[in-house]
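>>> A predicted structure for the sequence below; I have some questions about it.
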Amino acid sequence: MNEEIRKDNPFEDNKGEKRELTAKYGSKILQYAVTSGAGLIIAFLIVWRWGAEDGIFASTSLTHTYRLLCDGFFVPGVLMILIGGMIWISRAGAFDGVKYVSRYIVYAIIPFSRGKKTEKYADYKEKKKSEYKEKGSYAYMFVCGGIMVALSILFLILYTSAGEA
């Protein structure tokens, strides 16, 4: 019976070892889950803190609840989009020159590193380019941030349509 289940399971082979499919999609699911979880925790903390004065959980005003939820989802959503943008800019090589120069300055200042031979900037850029290709995608930051901003816009529409704008 166990062998039949293992044959039908696309994530395991007959010996119970994980297949490439699990390794590929399991890490993506984990990235989305961790990023979404962190965003939801930040949203909850914002709603809880800003609603502590009035008490969001004891709030009788629906418009007040919509306003707090709009603010709570907007902040982590924009932060995720901005962090994703910084990763995108960094992987495009915008900060490579600054990193190279700062490393060169550190080698010049620290006495024990003076004997190290520094590489040329072109070699450094090629090495960094290959390192960036090896790293995975960061689209999950944009997707999770976009969903949170979309939820924020939804709560903004509900807030303005409820009347107390």
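Perfect, I can see it now.
>>> is it true that Leu69 touches Leu156?
No: if you go by C-beta atoms under 8 Å, Leu69 and Leu156 don't touch, sitting 9.3 Å apart. All C-beta atoms are positioned from the backbone trio N, CA, C, and that covers glycine.
>>> Please determine how far Ala139 is located from Gly37.
Distance, Ala139 to Gly37, using C-beta to C-beta, to the nearest Å: 17 Å.
>>> Next: Phe155.
Computed as C-beta to C-beta, the Phe155 to Gly37 distance reads 20 Å.
>>> if you count what's nearby, which of those two comes out ahead?
Between Phe155 and Gly37, counting by other C-beta atoms under 10 Å, Phe155 is the more crowded of the two (20 against 11).
>>> which SS state does that one fall under?
helix (DSSP: H, G, I helix; E, B strand; the rest coil).
>>> wait, what's in contact with it?
If you count contacts by C-beta atoms under 8 Å, 6 or more residues apart in numbering, Phe155 has them with 66-67, 69-70, 73.
>>> Nearest spatial neighbour of it, chain-adjacent residues omitted?
Nearest residue to Phe155, sequence neighbours excluded (C-beta to C-beta, 6 or more residues apart in numbering): Cys70, at 3.9 Å.
>>> Met141 reaches Ser36, doesn't it?
No: taking contacts as C-beta under 8 Å, Met141 lies outside contact range of Ser36: 10.8 Å.
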